[in-house]
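Student: got a structure for you, letters missing:
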């Protein structure tokens, strides 16, 4: 096979630059390809046919999933696979998938309407978290500490207008720390624990909080194995909640930022990715 | 002049039914006219030319303002006037107008972006209220008790997509009660105080809370006079906050619901409106 | 097994009423269950556990897909399956799936941005059709006859704000007629050809146009077999374009309206569905 | 008075750079002030109190209008005035205002719903133009040549979700040329005629089309005088349609781009603005 990798993304960010820089060390040539002008659907698909592998780094799940689906249909290998991107996109479906496979996930309620929302508030105990089913990077993930302000927050959900943006989850708030695991292929290459700072209750790695590296403990490795068994090998950011009952998978990111984990652990994630792509294309 | 009144609205609600029922007592004929099919702009404007007066009860300020503007341009009298509807629509401009006229209003910050929002959080003390500049009925009016969850609520504002929906005010939370004054013409016809119940922090009359009738105290009458001096005679729901420094005008509603005030005070608001329209058309 | 069927939908429409009415003839009890208050995610999922089968008729793909996914995860059988609903939801992915399986589909270009759109206009010949990747019932499916007005139509796509609503297809306009096939289980139970009338260029069966019943010709049967082989047995509205090169699958509807096909063909579709559910639950 | 001018805008564009560069020639100091962080509402309003005049160049009417309103309330002079910005923002109200004042404007119908839209299509003859009531720069201004595709374009309007974005005008298409007049103070400083090119039917100056300078003919001067009499002296881009019955005012821009007119006419518009500000602040 060849060695030409397209890094398909909406921007050339920190991670993309590192990947392009690391590529030659692994005998690869990597280009940034803007995800807004691929012209997919064309049976000849010239813009992707020149590459041996598409590394899909679109921050939008919608874009990433469509691009991977049509690129695969045009016979071009993609990472993550279209199937994995779609599985990560839908937080409710991912939890159902992992739960069925025996991987621990948090309890939640699907919220498609204000009626659902009110019912979830009645069934679960405050504090609760309201988050979009579709979406990433911590956006619109809101902590509900008080019942009497919850309905006014839900007004915003109603005003979003479309069922896709409105679909939400309500889940118990599981405390102020989360574990971000960077997975490349089938391996855990770095894990760090993030704690919420004073200005934002969220601990999403993309938002930048206090953190510390974690040794690769057996519980984390078991969860990562379970996730990879369901989604297939890939490049994932697996976010875990630490609870009295053990670790739970919150979500899996299909195009993970990895600056925070790299900084916390010293892991050379770009090289880990380069090495794995080299193996795949050999 | 004539006696034909069009009640222009998006629906035939409790208030509209009462107004139509009361009309004959005052020598008027009142019809409900759907606000979505007036065909305005037509120089002959047949759908409004048949009426001597348009009572604009569209819950949407955008619709109400456009309809009043074009009906007035076609030579048809409207209530409220286009000028009054536009003044009520924009909470920031209304406060500036009233403040300049010496009518007391709450402090606030205009929020056009996350930068503005963060600055307002730094300058004002919690708890704070975030509300849309444009809009009514308490929708999207949110209480911010905690700094660390404020930014995640603002994510929703960013996702609304258009500058008009995004424009907001941040203001100090002035406690759990508000006074709703119903004004007809130049007169206060009823006033009631509403307190927030246990399930929602808001006391907006449209949301239905505990209430009690208020005697017409001189402070309220002075404020109502000030509002009418600026907006002109009309049918208004004037919402006041009670603070240690006295009453402040929160907002003025251009098409007020009046069931709650009628129920709290026993005032026959539909008849008060009918009587005033009779005078105007005499 | 049991005989209790939940018809999960956002409303009780013509089709749902007929299904409920026909159910007893096949030993079934069918209830309408509002799709906005299922409280899914609850491990005990009481609102769906009472039923032996969920017939998902939500017009929203987002709702239908989420409900089927979580109901299946809770061990409740659903029709269509979550996998089939997701496959139907995404017009681009469905075409890729069917194309790979040898089922004929139209050419198209995926449009994620104005750059993609401009490129598609340059590569394909007018007239063209612009349609959402996600969505149904003909909504926002627009005919582009003239290049010089296409960009102003695309302004609206940009203003929709979210990647999910913005994702579109551009495809050649294949003429003013389409064939709607109603599939129950693995069988074609009715097919009719619709022609566009004078007031709207679209021939979507949901919009109501001139139609005629079609005999079950071998080309249609072959396509239906191909679709069912990919999606699994189910209740589908398969929309075909008739072209000089033969029939092509435009899209497959997961919760098809069937009044128009029933009226054109005389087929008793509700009974066909009842009979099939009876077999499944036997 | 002083000489400090804030150019309040969302970006530092071609026009803003020229204005800042020209300021010293007229004894002025001009700074760019980002419109997203003014913190208005603060009674001390430090961010605007430092300036003697605010030149409001926000491309968003919503932002521009709110900023001008609150800056004026804080005692700071603004150009254009809040009143003028609000008048320009609302295409329907502006036409009513000008029509009443005897300034010629095109016929139009206000479209608040699909019912209004269908009625406008029935009352007026194709080709027609559909445009937003609120908005500028030619965005979403669509030519409707064919009745049978109009409803599918209107689907997009319905999907915009909020009454403000949905409010539209339908008007006769008045041909492929338009006249852009740049007004500073009370004077016409340049006028050019733009013709639509081959790729887009629109002739909006912001979109860049073929153009030629116009001598200051008496008809144009009379219209400009009429506009200034209604809006007050200011900096306006007045867009005219040329019809067999003479020139009509299409719209007036509150923060006009002037590169195209400057290039067509050779007029030094930045200096004209500098000179006028110098007079105002003298």
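Tutor: Everything's here; your move. Being a predicted model, the structure only gives us computed values, none of them experimental.
Student: in chain A, which spans are helices?
Tutor: Counting by DSSP state H, chain A has helices at residues A:14-22, A:46-49, A:61-73, A:82-89, A:91-100, A:114-123, A:147-159, A:163-166, A:218-231, A:259-265, A:269-281.
Student: which helices and strands does the fifth one pack with?
Tutor: By that I understand helix A:91-100. Applying 3 or more CB pairs under 8 Å, 6 or more residues apart in numbering or on different chains; DSSP states H and E, we find helix A:91-100 packed against helix A:82-89, helix A:218-231, strand A:246-253, helix C:61-73. All C-beta atoms are positioned from the backbone trio N, CA, C, and that covers glycine.
Student: Show the pLDDT at the residue nearest the centre of chain A.
Tutor: Within chain A, one residue has its C-alpha closest to the average C-alpha position: by CA atoms, centre = their mean, that is residue A:253, at 0.8 Å. Residue A:253 is assigned a predicted lDDT (pLDDT) of 96.
Student: That one and residue A:234 touch, don't they?
Tutor: No - taking CB atoms under 8 Å as the contact criterion, residue A:253 and residue A:234 are not neighbours in contact, 10.6 Å apart.
Student: Could I get the contacting residues of the closest residue to chain D within chain A?
Tutor: Checking chain A residue by residue against chain D with CB to the nearest CB singles out residue A:161 as nearest, at 3.7 Å. By CB atoms under 8 Å, 6 or more residues apart in numbering or on different chains, the contact set of residue A:161 is D:159, D:161-162.
Student: Also residue A:57?
Tutor: Residues in contact with residue A:57, defined by CB under 8 Å, 6+ apart, are A:7-9, A:15-16, A:64, A:255.
Student: So which residues on chain A come close to chain B?
Tutor: Applying the criterion CB under 8 Å from any CB of the partner chain, the portion of chain A that neighbours chain B consists of A:138-143, A:145-149, A:151-153, A:155-157, A:159-160, A:165, A:196, A:198-202.
Student: Of these, which qualify as buried by neighbour count?
Tutor: Buried residues within the residues of chain A next to chain B, defined by neighbour count using 16 or more other CB atoms under 10 Å in any protein chain shown: A:138-143, A:148-149, A:151-153, A:155-157, A:159-160, A:165, A:196, A:200-202.
Student: Please list which of these also come close to chain C.
Tutor: residue A:165.
Student: Residue A:97 is in contact with residue A:230, correct?
Tutor: Yes - because the distance of 5.7 Å satisfies CB under 8 Å, residue A:230 is recorded as touching residue A:97.
Student: that older thread, any chance of CSV for the helices and strands packed on helix A:91-100, columns distance to residue D:28?
Tutor: Shown next, in CSV, are these (distance: least, CB to CB, whole Å):
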stretch, distance to residue D:28
helix A:82-89, 54
helix A:218-231, 62
strand A:246-253, 51
helix C:61-73, 55
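Student: which of those sits most buried?
Tutor: Compared across the helices and strands packed on helix A:91-100, helix C:61-73 shows the largest average neighbour count, a mean of 25 (mean count of other CB atoms under 10 Å in any protein chain shown).
Student: what does that helix contact?
Tutor: Here helix C:61-73 makes contact (CB under 8 Å, 6+ apart) with A:90, A:92-93, A:96-97, A:99-100, A:110, A:112, A:133, A:163-164, A:167, C:8, C:10, C:35-36, C:38, C:40-41, C:45, C:48, C:54, C:56-58, C:78, C:80-82, C:85-86, C:88-89, C:134-136, C:254-255.
Student: and the stretch 51-200 of chain A, which residues reach chain C?
Tutor: A:60, A:62-63, A:65-67, A:69-70, A:72-73, A:82, A:86, A:90, A:92-93, A:96-97, A:99-100, A:107-110, A:112-113, A:115-116, A:119-120, A:123, A:133-134, A:162-165, A:167, A:169.
Student: List the buried residues of stretch A:16-36.
Tutor: The neighbour-count check on stretch A:16-36 (16+ other CB under 10 Å) flags A:16, A:18-20, A:22-23, A:26, A:28, A:30, A:32-33, A:35 as buried.
Student: For the residue in the stretch 51-200 of chain A that chain B sits nearest to, which non-adjacent residue is closest in space?
Tutor: Distances between the stretch 51-200 of chain A and chain B by CB to the nearest CB are smallest at residue A:156, namely 3.6 Å. Of all residues beyond its chain neighbours, the one nearest residue A:156 is residue B:156 (3.6 Å), with distances taken as CB to CB, 6 or more residues apart in numbering or on different chains.
Student: what residue ranges in the stretch 101-250 of chain A score low on pLDDT?
Tutor: For the stretch 101-250 of chain A, applying pLDDT under 70 flags the ranges A:198, A:203-210.
Student: Any residues of it in contact with chain D? List them.
Tutor: Taking CB under 8 Å from any CB as the measure of proximity, the stretch 101-250 of chain A contacts chain D at A:159, A:161-162.
Student: residues in contact with stretch A:29-37?
Tutor: Stretch A:29-37 has contacts (CB under 8 Å, 6+ apart) with A:3-10, A:12, A:16, A:19-20, A:23, A:47-48, A:51, A:54-55, A:58, A:63-64, A:67, C:112-113, C:115-116, C:119.
Student: what about 7 Å?
Tutor: With CB atoms under 7 Å, 6 or more residues apart in numbering or on different chains as the test, stretch A:29-37 has contacts from A:3-10, A:12, A:16, A:19-20, A:23, A:58, A:63, A:67, C:112-113, C:115-116, C:119.
Student: If we ignore the residues flanking it in sequence, what's nearest the residue of chain A most remote from its centre?
Tutor: Note on chain A: the largest separation between a C-alpha and the mean C-alpha position, by CA atoms, centre = their mean, falls on residue A:148 (32.0 Å). Nearest residue to residue A:148 in three dimensions, chain neighbours excluded: residue B:201, at 4.3 Å (CB to CB, 6+ apart).
Student: List the contacts of the one you found.
Tutor: Taking CB under 7 Å, 6+ apart as the definition of contact, the neighbours of residue B:201 are A:148-149, B:143.
Student: Can you give me the neighbour number for residue A:113?
Tutor: The criterion is other CB atoms under 10 Å in any protein chain shown. On that basis, residue A:113 has 22 neighbouring residues.
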